[in-house]
Every structure is written in structure tokens, then in C-alpha cells.
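Peer 1: Below are the sequence and a predicted model for it; my questions follow.
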Amino acid sequence: MKRLVFTLAFLGISVIGFSQSFSSMYLNNIPQNNKKPIVYYSIPKTEVVFEIKVEKAIRSRGVYSQSAHLLGLKNVITKDEIKYKIKDIKICSKPISNPNNQFAMIIGKGVSVEKSEFNTLENIIIGEHKTKEVLNLNQEKISSKTEVNNSSSIEVKPIIVKELLKEGKLEKITLNPAEVVEKINLLRERQIEILSGQIEGTYINTTVDFMYKQLDEIIETYYSLFTGVETIEEEVFYYSLVPEKPIIPEEDLMLKLCRFSEINGLSSAEIQNNDPIVMVKFSTNNFTKSIGNYESSKENSASNNSSKNIGIYYSIPEKVKVSIEINNRVYQSILDINQFGVVSTMNSIKSNIKFNPNYGSIESIY
């Protein structure tokens with residue numbers, strides 16, 4: 001984590017009317033005659049990030065699928081198609097800039113302020129106290145833009161006859177279904193000979209096992225000409241939302257995330273097609289509601305007392321259950337979200353303060 005440290009270590013600077021060690025205000029309230037150092041910081045918004053893992057099944061028809069009955073095969077692949085299935089959804093959060101919550105802190109003698117790369121507070125340290133090592137609480141930065149990772153094939157089986165010939169698994173390209181069935185039967189007989197020791201020469205067990213598996217692989221390849229093959233690939237997509245607190249806090253918030261279907265996979269929610277929309281539900285017990293009412297009363301009191309100075313602004317995020325229900329399965333996570341909580345204030349104190357840089361909330365006073 002990048003850390004910016006601001007330290008005041010000087011003597012003889014005039015006091016401008018602030019008796020506190022530090023004092024915070026909105027940017028448009030900075031005193032014009034201020035000569036003390038100023039640290040700018042912010043309280044971020046919370047962006048919710050969705051990592052969606054999709055399974056892509058590529059089903060390829062066997063060239064002899066119409067003759068699968070010669071081998072007594074059923075449920076073979078009869079047409080080429082691609083099907084998608086959601087395997088997993090992970091829900092996490094990250095801080096983003098909030099232009100409405102930018103503050104200036106005027107710091108006094110012997111005050112050190114540590115900030116994160118998100119311009120949020122990490123530590124306020126009073127006096128000559130040695131800076132404690134701060135736990136890195138930042139989550140890995142994730143691009144909010146939709147991305148697709150390179151597909152990694154879990155299972156790949158050859159289906160194109162030319163590829164089979166190139167690999168040496170087919171002897172000729174002018175095979176007909178009956179010839180293939182005959183070839184399979186001959187290979188099976190050969191396997192029996194290997195296991196029963198009827199082949200010429202003396203072989204150790206590992207060699208016998210190797211020869212048997214080689215024949216088994218060739219047989220499986222011939223079978224694929226009738227059954228077809230299915231290749232499974234995994235793709236990972238990222239979507240993000242920045243939810244705002246509902247007008248009626250007691251109501252759940254529903255937001256569109258994307259579209260999904262077995263045929264087309266994932267697509268943007270803005271695309272006009274018939275694919276179902278994936279909705280995200282944000283629900284909370286509004287634990288910070290009473291705190292918000294108290295903060296409103298404090299603001300009204302402060303407006304009647306213009307001489308009142310605030311030490312710091314800090315956030316109290318609300319715990320929100322974020323959930324997605326799709327294909328009879330629910331994916332959910334409990335996250336701290338700043339927009340659903342409140343911004344509170346605290347007077348300047350003579351103690352050190354440790355913050356969570358992801359939210360601008362107070363973790364401890366020591």
C-alpha cells in the first residue's frame with residue numbers, strides 16, 4: 001500500500017484560533033488566514049464487485065452420430081451447440097472516490113497523519129509516538145470493466161478427423177461406420193491378448209499397462225466419431241455496481257447487473273434481447289439509522305454554534321446483505337457499504353487513531 005505521511009515538527013508558528021491538535025472541515029470552509037499545514041482526505045464510496053465464473057460447454061457432433069446404434073450407443077450428441085452455466089459468483093467490495101466527501105484537516109504541532117492510496121485516513125499519531133505498523137486492509141484492486149479471462153480448457157478431446165489422422169489415431173480418412181466398428185472390435189481383442197499374455201515377447205507390467213492404455217485411447221477416439229465430444233471451458237467476468245441508499249431505508253434495493261441465458265451466456269443489462277436480467281438485492285437492518293438521526297441533531301446544533309470545530313469526519317458503514325438468485329441458487333455476501341451508513345464527526349483528542357482505509361471508519365483509539 002502506498003502511504004503518504006505528513007509530519008509537523010516545527011516551533012513558533014502562530015495559532016489561528018484552533019486549540020485542538022487537529023481540526024477538519026469541508027474544503028470551502030478552510031480559513032483564509034490559515035498558516036498551519038493542511039492534510040486533505042476523503043471518505044470513499046463503496047463499489048460492489050461481482051466475479052462470475054461461467055462454464056462454457058462446446059458440444060461437437062460425431063461424424064457418425066447417425067450410426068451410433070451399431071455400437072448400441074444412446075444419448076449421443078446429434079448437433080453442434082454451445083451451452084453456458086454459472087458455476088460460481090463471488091461478491092466483494094472496493095473503495096472508490098467520492099467527490100462529495102472531501103475534507104481538509106489543519107494539523108497542529110507534533111501531529112502525524114498517514115493516508116492510503118485512496119486518499120483516506122490510516123492513522124493520526126499524536127506526539128513523538130512511533131508509528132505502529134498498519135494492517136493492510138485493502139482488497140486487491142479489480143477493474144470495474146467487464147473482463148474475460150483467457151479460457152482454460154478443462155477437458156479437450158479431438159473430434160476433427162484431420163486432427164485424429166495427424167495424431168496417428170486414425171489410419172485413413174475414408175472410413176465408414178461399419179469399418180470403424182470392426183476396428184474397435186479388433187482393438188478390444190488386442191487388449192485381451194495383452195492382458196492374457198498372448199502377445200509375443202516378454203514384457204514387464206509397466207509396459208503391458210502402457211500398451212493397454214494406448215489401445216484404450218485409440219478406442220475412445222473411434223468412439224468419439226459416434227458419440228461426439230464435449231469440451232468444457234471456464235470464463236470469468238467482472239461486473240460492478242455502486243448502490244445508493246434507498247429513499248425508504250427499510251425497503252430492499254433491487255439493481256440490474258447483467259443478462260444471462262444458457263444459449264448466449266453473459267451480456268450487458270443494457271443490451272436489448274430476450275435473455276433474463278440478473279438482479280441484485282441489497283437488504284439491511286438499518287443499524288445506523290439511529291446514529292444518522294443523532295448526527296442530524298448534532299449538525300443542527302453546530303449550525304447554531306459557528307465557533308464549534310470538528311476534529312475529524314469518519315464513516316460508520318452499514319452492514320448490507322448483497323444477494324443474487326439465479327437458477328434456483330442463491331449467492332450472497334455480507335458487506336460494509338458506506339452509502340448505506342452515515343458520516344459522523346469526533347472532536348480532536350490527545351490519542352492516536354487508527355482507521356480502516358477502505359471505508360474511512362475508526363478501528364481503534366490508542
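Peer 2: Perfect, thanks for sending it.

Peer 1: C-alpha only now, for contacts and for neighbours.
Peer 2: Fine.

Peer 1: What about residue 33, how many residues nearby?
Peer 2: Number of residues near residue 33 (other Cα atoms under 10 Å) recorded here: 7.

Peer 1: Secondary structure of it: a helix, I assume?
Peer 2: No: secondary structure of residue 33 (DSSP: H, G, I helix; E, B strand; the rest coil): coil, not part of a helix.

Peer 1: Which single helix of the protein contains the most residues?
Peer 2: As assigned by DSSP state H, the longest helix anywhere in the chain is helix 205-227.

Peer 1: So which other helices or strands are in contact with that one?
Peer 2: When contacts are defined as 3 or more Cα pairs under 8 Å, 6 or more residues apart in numbering; DSSP states H and E, helix 205-227 sits against helix 177-196.

Peer 1: next one: the helix it packs on to chain centre, how far?
Peer 2: Remark: helix 177-196 is offset 50 Å from the chain centroid, using Cα atoms, centre = their mean, to the nearest Å.

Peer 1: In that helix, which of the residues would be classed as buried?
Peer 2: Neighbour counts over helix 177-196 (16 or more other Cα atoms under 10 Å) mark 177, 180, 181, 183, 184, 187, 188, 190, 191, 194 as buried.

Peer 1: Quick check: closest non-adjacent residue to the second one.
Peer 2: Distance criterion Cα to Cα, 6 or more residues apart in numbering; nearest residue to residue 180, sequence neighbours excluded, is residue 222 at 6.8 Å.

Peer 1: Give me the pLDDT value at that neighbour.
Peer 2: You'll see residue 222 listed with a pLDDT of 87.

Peer 1: count of residues packed around it?
Peer 2: 24.

Peer 1: My guess is it contacts residue 184. True?
Peer 2: Yes: if you go by Cα atoms under 8 Å, residue 222 and residue 184 touch, sitting 7.1 Å apart.

Peer 1: What's the separation between the residue lying closest to residue 229 once chain neighbours are set aside and residue 81?
Peer 2: The shortest distance from residue 229 to any non-neighbouring residue, by Cα to Cα, 6+ apart, is to residue 60 (5.4 Å). Going from residue 60 to residue 81 by Cα to Cα, to the nearest Å gives 7 Å.

Peer 1: what's the answer for residue 97, then?
Peer 2: 44 Å.

Peer 1: Mind checking which of those two has more residues around it?
Peer 2: The neighbour comparison of residue 97 against residue 81 (other Cα under 10 Å) goes to residue 97, with 16 against 13.

Peer 1: what's near enough to touch that one?
Peer 2: 42, 43, 44, 45, 118 (Cα atoms under 8 Å, 6 or more residues apart in numbering).

Peer 1: Model confidence for it, exactly?
Peer 2: 92.

Peer 1: Got phi/psi on it?
Peer 2: phi -60, psi 140 (degrees, to the nearest 10).

Peer 1: likewise the one 4 residues further on?
Peer 2: With angles defined as degrees, to the nearest 10, residue 101 sits at phi -120, psi 60.

Peer 1: Surely it is in contact with residue 27?
Peer 2: No: between residue 101 and residue 27 there is no contact under Cα under 8 Å: 9.5 Å.

Peer 1: More neighbours: which of these two?
Peer 2: Remark: of residue 101 and residue 27, residue 101 carries more neighbours, 16 against 13, as counted by other Cα under 10 Å.

Peer 1: right, and the pair among the contacts of residue 97 with maximum separation?
Peer 2: 45 and 118 (10.6 Å; Cα to Cα).

Peer 1: what's the neighbour count on residue 329?
Peer 2: So residue 329, with other Cα under 10 Å, has 9 neighbours.

Peer 1: quick one, phi/psi of it?
Peer 2: Torsion angles, degrees, to the nearest 10, at residue 329: phi -130, psi 140.

Peer 1: do you know how far it is from residue 232?
Peer 2: For residue 329, the distance to residue 232 - Cα to Cα - is 21 Å.

Peer 1: again, but for residue 330
Peer 2: Between residue 330 and residue 232 the computed distance is 24 Å (Cα to Cα).
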